[in-house]
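Participant: Provided below for reference: sequence and predicted model.
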Amino acid sequence: MSLNLAGLSTYTDEQKMDLVRASLLSGKTLSLISVQPDIKSSAAINILSSTAVWAAGACGFSAAGSTILTQRVLTVAAIKKNETICVDDLEAYYTQSKMKAGSYNEAIPFEQSYSEELAGQTSKFVEQLAWQGDTGGAGNMVLTDGFVKLIDAEGTVVTGTALAMDAANIIDAVDEMVAAIPEDVVDGEDLTLFMGTPEYRILAKAYRDANLYHYDGKEGADFEMFIAGTNIKVVAVGGLNGLARMFLCEASNLFAGTDLLNDAEQFKIFYSEDNDEVRIIQKMKIGFNMAFPARIVSN
């Protein structure tokens, strides 16, 4: 990726205001699910389950039931982004007013704004990758498989509804998803219905139009709300935008793996004397999986 100045005119003292960074979709998914750090390549999600067999009290010892230890592998992909900026190219534009005197340009004059933009873009990328990642796909999403592909590949995932997520059907679709929750999951402490922001807005309007809502001062805040009469939180996540998909499960059942917890927040901006340019490096490791596919409801 290189610096593109085609959209600017040469310097005419246009303005002296700070650069305005683009408003970006903020990443939410990783703040809700389980994150497993310290993974260089792959690690196991260790799963313990047991069956309890009770019997009438009497003398003697008769063993029954079983405890099962299983694993699911959480594999991370090493990914990176490199960019170069020739600071000299900025001298002919309004950006010269932010540059230091002299011909040795060794820093970006808008580094703070650029860093904020870079962090925002990274947050958006990771959010989309978490759900839309597909190693058989195209573009940035080929770097690892996300939850949609992983969940769809599992034969034990519960099908909740086939109804469209439109204004006429979305309340019924959500109700069918809720009704399909397996019995051993129904009292989960972090049951979450993940859907895209457009579908969330359709659902919120449908509830409002049907008078099936209440306000407690927090309802709808940050695109989150509880389904009345349940312990289920509906959350809009940007990674599902445009897919017309929703997934209901315990948020802690979904896992993201990484090497360092704040890998995605780190990047290096430095001046390369050998190349007489500013270089930007971002590196991270990221991957996704689930512990219990049978505890997930999908449309």
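Facilitator: Thanks, I have the structure now.
Participant: just checking, residue 232 touches residue 189?
Facilitator: No: look at residue 232 against residue 189 with C-beta atoms under 8 Å: they stay out of range, at 11.2 Å. Yep, even glycine has a C-beta here, placed from its N, CA and C like the rest.
Participant: higher neighbour count, the two?
Facilitator: Remark: of residue 232 and residue 189, residue 232 carries more neighbours, 21 against 8, as counted by other C-beta atoms under 10 Å.
Participant: residues near the nearest residue in space to the more buried one that is not next to it in sequence, how many?
Facilitator: Nearest residue to residue 232, sequence neighbours excluded (C-beta to C-beta, 6 or more residues apart in numbering): residue 191, at 4.6 Å. Look at residue 191: counted by other C-beta under 10 Å, it has 23 neighbours.
Participant: could you check how far residue 191 is from residue 55?
Facilitator: Using C-beta to C-beta, to the nearest Å, residue 191 is found at 33 Å from residue 55.
Participant: same question, residue 180
Facilitator: From residue 180 to residue 55 the distance is 33 Å (C-beta to C-beta).
Participant: more neighbours, the two?
Facilitator: Taking other C-beta under 10 Å, residue 180 and residue 55 do not tie; residue 180 has more neighbours (15 against 8).
Participant: is it true that the more buried one touches residue 297?
Facilitator: Yes: applying C-beta under 8 Å, one finds residue 180 in contact with residue 297, separated by 4.9 Å.
Participant: anything in contact with each of the two?
Facilitator: 158, 159, 160, 248 (C-beta atoms under 8 Å, 6 or more residues apart in numbering).
Participant: give me the buried positions along the helix or strand of the chain with the lowest mean pLDDT.
Facilitator: None of the helices or strands of the chain scores lower by mean pLDDT, DSSP states H and E than strand 42-51, at a mean of 73. Counting neighbours by 16 or more other C-beta atoms under 10 Å, one finds that the buried residues in strand 42-51 are 43, 45.
Participant: what's next to the helix or strand just after it, contact-wise?
Facilitator: Where DSSP states H and E defines the elements, the next helix or strand beyond strand 42-51 is strand 66-75. Identification of contacts with strand 66-75 by C-beta under 8 Å, 6+ apart yields 36, 39, 41-51, 144, 255, 257, 287-291.
Participant: do stretch 269-287 as well
Facilitator: Applying C-beta under 8 Å, 6+ apart, the contact partners of stretch 269-287 are 39-40, 42, 74-88, 106-108, 111, 114-115, 118, 122, 126, 129, 143-144, 256-260, 263-264, 266-268.
Participant: what comes up buried for it?
Facilitator: Buried, per 16+ other C-beta under 10 Å, within stretch 269-287: 269, 271, 277, 278, 280, 282, 283, 284, 285, 286, 287.
Participant: using CSV, list the CA coordinates for stretch 35-54.
Facilitator: The C-alpha trace of stretch 35-54 is given here as CSV (Å, rounded to 0.1, in the frame of the first residue of the first chain):
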residue,chain,number,x,y,z
VAL,A,35,-10.2,-14.7,24.3
GLN,A,36,-7.4,-17.2,24.6
PRO,A,37,-3.9,-15.6,24.6
ASP,A,38,-0.4,-16.9,24.2
ILE,A,39,-1.0,-19.0,21.1
LYS,A,40,1.9,-19.1,18.6
SER,A,41,0.3,-21.5,16.2
SER,A,42,-2.5,-23.6,17.8
ALA,A,43,-3.8,-24.6,21.2
ALA,A,44,-6.5,-26.8,22.5
ILE,A,45,-9.8,-25.7,23.9
ASN,A,46,-10.1,-28.3,26.7
ILE,A,47,-13.6,-29.5,27.3
LEU,A,48,-14.9,-31.6,30.2
SER,A,49,-18.3,-33.1,30.3
SER,A,50,-19.9,-35.7,32.4
THR,A,51,-23.1,-37.8,32.8
ALA,A,52,-24.5,-38.3,36.2
VAL,A,53,-26.3,-41.6,37.0
TRP,A,54,-28.1,-41.6,40.3
